[in-house]
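In: give me a model of this one.
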Amino acid sequence: MKLTRRQWAALAAAAPAAGLPVRAEPQAADEELEAARRRLQANAEALRAASVPMAVEPAFQFKA
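Out: Down below sits the predicted model:
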C-alpha cells in the first residue's frame, strides 16, 4: 500500500482525534525490548491458563 505525503499528513493529524497514542520522543531500545518481553511473558501465561478439551480439532491441516 502506497501513501502520498498528503495522506500521511492526514493520518498524522487524525491520530490524536482517534485517541491513538502519539509519542513525543521515541523510547530507548532497551525499554522497548523489555516491554516486548513483558507482553510475551503475559501472553504465555494466559495461554498456559487456558484449558482446551482434547476433542477440539486444530484450525489447520498438515499436508505433504
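
In: tell me how far the lowest-mean-pLDDT helix or strand in the chain lies from the chain's centre.
Out: When the helices and strands of the chain are compared on mean pLDDT, DSSP states H and E, helix 5-18 comes out lowest with a mean of 76. For helix 5-18, the separation from the chain centroid amounts to 20 Å (computed by Cα atoms, centre = their mean, to the nearest Å).

In: ok, now stretch 47-64?
Out: With Cα atoms, centre = their mean, you get 23 Å for stretch 47-64.

In: what about residue 31, how many residues nearby?
Out: Here the count is done by other Cβ atoms under 10 Å, and residue 31 has 10 residues near it. C-beta here means a position set from N, CA and C on the backbone, and glycine is covered the same way.

In: residue 54 too?
Out: Residue 54 has 4 nearby residues by other Cβ under 10 Å.

In: check what pLDDT residue 33 gets.
Out: Each residue has a pLDDT score; the one for residue 33 is 89.

In: can you tell me the helix or strand for it?
Out: helix 29-49 (DSSP states H and E).

In: quick one: low-confidence ranges for this structure?
Out: 16-27 (pLDDT under 70).

In: do that again at 50, thanks
Out: Applying pLDDT under 50 to the chain flags no residue at all.

In: circling back to that earlier point, pull the distance from the helix holding residue 33 to the chain's centre.
Out: Counting by Cα atoms, centre = their mean, helix 29-49 comes out at 11 Å from the chain centroid.

In: now that helix - C-alpha only, CSV.
Out: Extracted C-alpha coordinates of helix 29-49, given in CSV (Å, rounded to 0.1, in the frame of the first residue of the first chain):
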residue,chain,number,x,y,z
ALA,A,29,15.6,0.4,22.6
ASP,A,30,16.2,-1.3,25.9
GLU,A,31,12.8,0.0,27.2
GLU,A,32,11.0,-1.3,24.1
LEU,A,33,12.7,-4.7,24.3
GLU,A,34,11.8,-5.0,28.0
ALA,A,35,8.2,-4.1,27.2
ALA,A,36,8.0,-6.6,24.4
ARG,A,37,9.4,-9.3,26.8
ARG,A,38,6.8,-8.5,29.4
ARG,A,39,4.0,-8.7,26.8
LEU,A,40,5.4,-12.1,25.6
GLN,A,41,5.5,-13.4,29.2
ALA,A,42,2.0,-12.2,29.9
ASN,A,43,0.7,-13.9,26.7
ALA,A,44,2.5,-17.1,27.5
GLU,A,45,0.9,-17.2,31.0
ALA,A,46,-2.5,-16.5,29.5
LEU,A,47,-2.1,-19.4,27.1
ARG,A,48,-0.9,-21.8,29.9
ALA,A,49,-4.1,-20.9,31.9
